[in-house]
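Student: Return a 3D structure for these sequence lines:
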Amino acid sequence: MKLRTLISAVALTAAMCLTVPAAAETFTAANGVVSIDLPTENWKEMNDPAKWIVLSDGASTITIEHFANGEKLPEISIANDHYVNVYQAVFSTQNEVFIVTGSVINAADIPDICNSIMSVKVLKYNTKQAVRTQAPKASDFSVSPMDAIYYVTSNGLNVRSGCSTNEAVLGGFGYGASVHVIGNVLQNGADLGWFQVEYNGGTGYVASNFLSATKPAVKEEPKAEQKKEEAPSYFTGNARTLYDANGNAVTVYEATDGLWYNTYGTYYYATVEGEYAGSDGSTLTVNQPVSGPTFTGYTHTIYFVNGNAITVREFSNGSFYSDDWTEYVYFNQGVWLASDGSILYDFEPHLGNGNPGESHYLYQPETGKTTQVFSYGADFVDLSYMLYTKLDNGEFVDYFGNHYVVRGE
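Tutor: Residues are numbered from 1 along each chain as shown. Take a look at the predicted model:
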């Protein structure tokens, strides 16, 4: 199951108080100006008439939509088979709503996308008309035929079923891949910024500004010793090491929302002393778990009421375990209690010895409980194999100390 994360909505005034890094870029669109800190210089603005602002590195995307008061807002975006995570933030004024959506393909890019979303600053607003401008009709589009080979210049490039980021993702090309371009998409005769390409025996559409007629240079992967895991800049800078149930170390980073995140986007919060609960249902601990109890070397034989014997082994926690790891604890007077509810004994029972065939119906006045007991050696047992002892006054007592009287038989 893909992890689905939604960033809490915050007011525009709070968003405008965020400190925008020096690397922030400014984008002007119809009815507004936006400042955002993009993850890398590979990100570019895309021409998408269905969105207010669309930014992409060829694979992951950040879109900003602009709605006037009274307009119906779109459904919340969720992760799918293509995007590992989808993050959304909602900024609002009295007159408008801005929805920022970051769609992530690679889990490693999650911190960068979150950082960018939280850095958004709307510099010009209160300009949206009451009626939203409709997206161009299909008849406004045309394709100018081409026959050329281009190369992907981004880390990844989505192939879509249409020339819009609203269209379904059919797949993608990796960095440096050759792409057969068969058409340039035009809107009312103007370049729209999308190419029609051959893909998997059919056609698809890609953003043209992530393709080049010149093959890009081969990227050199950094050596393992050069890689360094660091907390993203929107974190507080605090990090700590926690441990999972297997004793594996997990580094988590404190974010400005008070939660602690690992590098895969899972967040954790303190529940009880020394424990952190995760959004994926897992639990991490401050202290590394110690190994389980160890075998002391001592074995012991105990018996079921039917006479069957079982050998149990003593462990360092004081309990005894059978081969199937059922736990056995000594109670008293030769009686053992098992974790599966069974009752066993130190001695080999001989049902019926001493008083063969003797049975009684017992009654406990305090609780109204009734039971039938049968002779069991010098004592008695009921059908659940609970042990009873007959007292000199004719009453019975079970091994928990509860007293019974004999009912009329």
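Student: Okay, helices next: where are they in the chain?
Tutor: Using DSSP state H, the helices found in the chain span residues 12-15, 110-118.
Student: and Thr370, what is it in contact with?
Tutor: By Cβ atoms under 8 Å, 6 or more residues apart in numbering, the contact set of Thr370 is 361-364, 407. In this view, the C-beta of every residue, glycine as well, is placed from N, C-alpha and C.
Student: got the buried residues for stretch 100-113?
Tutor: Using 16 or more other Cβ atoms under 10 Å as the test for burial, stretch 100-113 gives 100-105, 109-113.
Student: whoops, stretch 149-158 was the one
Tutor: Residues 150-158 are the ones in stretch 149-158 that count as buried (16+ other Cβ under 10 Å).
Student: Kindly indicate which of the residues you listed lies nearest Pro49.
Tutor: If you rank these by distance to Pro49 using Cβ to Cβ, Asn158 comes first, at 17.5 Å.
Student: follow-up on the earlier one: out of the buried residues of stretch 149-158, list just those in strands.
Tutor: Judged by DSSP state E, the subset of those located in strands is 150-152, 156-158.
Student: Looking at those residues, point me to the pair that's furthest apart.
Tutor: Applying Cβ to Cβ across these, the maximum distance is between Tyr151 and Asn158, 15.9 Å.
Student: one step back: of the helices of the chain, which shows the lowest average pLDDT?
Tutor: Confidence, taken as mean pLDDT, is least for helix 12-15 of the helices of the chain (a mean of 30).
Student: Quick check: chain neighbours aside, which residue is closest to the residue nearest in space to the middle of the chain?
Tutor: By Cα atoms, centre = their mean, the mean C-alpha position of the chain lies nearest to Asp280, the distance being 3.3 Å. Once flanking residues are discounted, Asp280 sits nearest to Thr266: 5.2 Å by Cβ to Cβ, 6 or more residues apart in numbering.
Student: And the one you found, how far from Tyr253?
Tutor: As judged by Cβ to Cβ, to the nearest Å, Thr266 and Tyr253 stand 11 Å apart.
Student: now swap in Thr63 and tell me
Tutor: Distance, Thr63 to Tyr253, using Cβ to Cβ: 26 Å.
Student: bridging residues for Ile53?
Tutor: With DSSP bridges applied, Ile53 shows beta-bridge pairing to Ile64.
Student: got it, and Gly278?
Tutor: Under the criterion used (DSSP bridges), Gly278 bridges to Tyr268.
Student: what about it, neighbour count?
Tutor: Number of residues near Gly278 (other Cβ atoms under 10 Å) recorded here: 18.
Student: Next: Val406.
Tutor: The number of residues packed near Val406 is 14, by other Cβ under 10 Å.
Student: close enough to count as contact, it and Leu362?
Tutor: Yes. Val406 is within contact range of Leu362, at 6.3 Å (criterion: Cβ atoms under 8 Å).
Student: residues shared between the contacts of the two?
Tutor: Common neighbours of Val406 and Leu362 (criterion: Cβ under 8 Å, 6+ apart): Phe396.
Student: Now do the contacts for Ser282.
Tutor: Counting by Cβ under 8 Å, 6+ apart, Ser282 touches 244, 266.
Student: What's the separation between it and Pro111?
Tutor: According to Cβ to Cβ, Ser282 and Pro111 sit 19 Å apart.
Student: Same check on Glu358?
Tutor: Applying Cβ to Cβ, the value for Glu358 to Pro111 is 76 Å.
Student: Check Gly193 too.
Tutor: Distance of Gly193 to Pro111, given as Cβ to Cβ: 28 Å.
Student: same question, Phe400
Tutor: 58 Å.
Student: again, but for Ala249
Tutor: As judged by Cβ to Cβ, Ala249 and Pro111 stand 19 Å apart.
Student: all strands for the stretch 51-200 of the chain, in order.
Tutor: 53-56, 61-68, 85-92, 96-104, 121-124, 141-152, 156-160, 169-174, 178-187, 190-199 (DSSP state E, counting those that start in this stretch).
Student: Please save the CA atoms from the longest one in PDB.
Tutor: Extracted in PDB, the C-alpha atoms of strand 141-152 (Å, rounded to 0.1, in the frame of the first residue of the first chain):
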ATOM      1  CA  PHE A 141      -5.500  22.200 -30.000                       C
ATOM      2  CA  SER A 142      -3.700  20.900 -33.100                       C
ATOM      3  CA  VAL A 143      -0.600  18.900 -33.800                       C
ATOM      4  CA  SER A 144       2.100  20.000 -36.200                       C
ATOM      5  CA  PRO A 145       3.800  16.800 -37.600                       C
ATOM      6  CA  MET A 146       7.500  16.200 -36.800                       C
ATOM      7  CA  ASP A 147       9.900  13.300 -37.200                       C
ATOM      8  CA  ALA A 148      12.900  13.800 -34.900                       C
ATOM      9  CA  ILE A 149      14.900  12.200 -32.200                       C
ATOM     10  CA  TYR A 150      15.200  14.100 -28.900                       C
ATOM     11  CA  TYR A 151      16.900  13.200 -25.600                       C
ATOM     12  CA  VAL A 152      15.600  13.500 -22.000                       C
END
